[in-house]
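> Please work out how this folds:
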Amino acid sequence: MTDLLAEAVAAISGSTVEQVGTFGYDAPNDAWTWSDEIYVMHGFGPREVVPTTALMLAHQHPDDRATTVTAVIETMQTGRPFASRHRIVDSRQTERLIISVGRAELDGADRIHRINGFMVDITGSFRRDLAESTHAAVEAAGASRAAIDQAKGALMLVYGMDEDAAFNLLRWYSQRSNVKLRDLADTLVTATSQGMPISGDSRRRLDEVFFGLAGGDAETTGPSPTGDLMTAVTVEQGVPVLHITGDVDLSTGPQFTAVLATAVGQADRGAPVVVDLSELTHLGSVGLAVLTQFHRRCQGKGTPLRVVFGELSTLPSVRSAGLSDFRTIDEALA
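Below is the predicted model of the structure:
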């Protein structure tokens with residue numbers, strides 16, 4: 001019988017059990033009977049002590065005592081079976097994790113007179129499972145840290161930024177695109193491990209890597225990492241014009257987003273937002289993704305977004321972006 005119970009509990013818990021013992025409780029006489037295994041669970045030799053209700057309560061873990069007592073009382077009152085997982089403290093003050101299952105028996109007058117059941121000690125298997133899961137979590141955390149450290153190193157090498165700036169950049173894109181930081185780092189590390197050259201093309205390559213993951217909604221929360229874009233605002237024909245020079249790529253994408261958000265947020269409804277990118281030296285995929293998002297945002301606001309690309313307007317990526325693009329500021333203002 002106990003072997004079948006052990007197999008059943010092991011199948012339910014997914015673990016190997018250490019001991020299974022049976023018990024009986026004679027309600028009218030308040031008398032308990034234990035199999036040898038339950039004596040051992042409580043730290044005694046077989047029949048070394050007399051099992052009583054007081055003894056069992058004394059060995060219940062203080063935090064679990066009320067729950068266990070409630071389960072037994074409910075069975076005595078209703079006749080429904082009970083099952084609980086609880087802790088006991090044996091005679092050597094060792095804490096053990098126990099599964100108890102019991103059911104009531106009726107006498108000839110249909111009155112509950114006895115509870116029969118079994119106890120299963122799963123202490124060892126629980127500790128092994130906990131150790132294995134903890135070990136797996138530590139390994140995963142170590143792998144995650146390694147990937148993030150490698151990604152930071154790649155950004156520091158390609159963009160010439162310090163460690164804090166590289167981490168802030170990764171975190172910003174992670175929050176903005178709702179992609180886990182480790183997944184973002186893994187993507188970058190995979191790309192750089194495939195022979196990416198350390199040259200001017202590296203920025204463009206990283207733009208493409210992050211375009212699919214980090215080209216999400218232009219709305220942002222919190223501060224963005226500091227890039228190296230130069231910005232200025234002039235007034236042309238009574239209209240504010242935002243001038244941006246430098247490279248718009250992965251490293252400056254947060255700053256580009258923040259600058260555009262400020263310009264669009266300050267614009268009056270119906271008034272155009274003119275952005276002059278004609279002096280940019282590079283506009284990567286991340287920059288185009290941000291512009292596309294702001295274009296849709298401005299359409300919803302009823303504020304035209306007019307982008308002056310200059311020579312960049314001949315690029316196929318710009319022509320296919322669906323933006324209101326112009327070659328000169330005069331054209332945009334007209």
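
> Which elements pack onto the strand or helix carrying Lys152?
Using DSSP states H and E, Lys152 sits in helix 123-159. Packed against helix 123-159 by the contact rule (3 or more CB pairs under 8 Å, 6 or more residues apart in numbering; DSSP states H and E) you find strand 95-106, helix 163-177, helix 181-192, helix 201-214. Where you see a C-beta, it was placed from the backbone N, CA and C, and this is true even at glycine.

> For it, buried residues please.
123, 125-126, 144, 147-148, 150-152, 154-156, 158-159 (16 or more other CB atoms under 10 Å).

> how far does that helix sit from the chain's center?
Taking CA atoms, centre = their mean, to the nearest Å, the mean C-alpha location of helix 123-159 is offset from the chain mean by 14 Å.

> nearest to Val72, of the buried residues of helix 123-159?
Closest approach between those and Val72, by CB to CB: Thr123, at 21.4 Å.

> close enough to count as contact, that closest one and Arg96?
Yes. Between Thr123 and Arg96 a contact is recorded at 4.6 Å, counting by CB atoms under 8 Å.

> Pop out the phi and psi values for Asp110.
With angles defined as degrees, to the nearest 10, Asp110 sits at phi 60, psi 30.

> For it, which residues are in contact?
By CB atoms under 8 Å, 6 or more residues apart in numbering, no residues touch Asp110.

> So it versus Gly79, what's the distance?
Separation of Asp110 from Gly79 (CB to CB, to the nearest Å) stands at 9 Å.

> Please apply the same query to Thr281.
Where Gly79 is concerned, Thr281 sits at a distance of 82 Å (CB to CB).

> Looking at these two, which is more packed in?
Gly79 (15 against 9; other CB atoms under 10 Å).

> tell me the domain boundaries of the chain?
Recorded structural domains for the chain (assignment: automatic domain parsing) are 2-121, 143-214, 230-333.

> Could you save those domains as CSV and add columns showing distance to Ser133 and mean pLDDT?
Compiled in CSV, the domains of the chain are given as follows (distance: least, CB to CB, whole Å; pLDDT from 0 to 100):
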stretch, distance to Ser133, mean pLDDT
domain 2-121, 12, 83
domain 143-214, 16, 71
domain 230-333, 36, 82
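
> need those in TSV with distance to Ala131, can you?
Compiled in TSV, the domains of the chain are given as follows (distance: least, CB to CB, whole Å):
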stretch	distance to Ala131
domain 2-121	12
domain 143-214	19
domain 230-333	41
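
> Which residues are in contact with the residue positioned nearest the centre of the chain?
Centroid check for the chain by CA atoms, centre = their mean gives Lys180 as the closest residue, at 7.2 Å. Lys180 makes contact with Ser174, according to CB under 8 Å, 6+ apart.

> Secondary structure class of the closest residue to Thr234 other than its chain neighbours, three-state.
Spatial nearest neighbour of Thr234, excluding adjacent residues (CB to CB, 6 or more residues apart in numbering): Val241 at 5.3 Å. Following DSSP: H, G, I helix; E, B strand; the rest coil, Val241 is assigned to strand.

> Count the residues that sit near Val241.
Using other CB under 10 Å, Val241 is surrounded by 21 other residues.

> I'd like the distance between it and Glu311.
To Glu311, Val241 is 18 Å away according to CB to CB.

> wait, the residue nearest to Thr234 sits on Pro272?
No. Applying CB under 8 Å as the test, Val241 and Pro272 come out as separate, 9.6 Å apart.

> OK, contacts around Trp32?
Trp32 is in contact with Phe23, Gly24, Tyr25, Asp26, Pro51, Thr52, Thr53, Met56, counting by CB under 8 Å, 6+ apart.

> And the helices in the stretch 1-150 of the chain, which stretches?
Remark: helices assigned in the stretch 1-150 of the chain by DSSP state H, counting those that start in this stretch are 2-13, 36-41, 53-59, 65-78, 123-159.

> orientation of the last one relative to helix 181-192 in degrees?
Right, the one you point to is helix 123-159. Per axes from the mean of the first three to the mean of the last three CA atoms, to 10 degrees, the angle that helix 123-159 makes with helix 181-192 is 50 degrees.

> so helix 123-159 versus strand 95-106, what angle?
Using the same axes, to 10 degrees, the inter-axis angle of helix 123-159 relative to strand 95-106 is 130 degrees.

> Next, the angle helix 163-177 makes with helix 123-159.
110 degrees.

> What spatial separation is found between Thr94 and Gly124?
Going from Thr94 to Gly124 by CB to CB gives 12 Å.

> Also Gln93?
For Gln93, the distance to Gly124 (CB to CB) stands at 17 Å.

> same check, this time on Arg182
Taking CB to CB, one finds Arg182 at 33 Å from Gly124.

> same check, this time on Leu55
In terms of CB to CB, Leu55 sits 24 Å off from Gly124.
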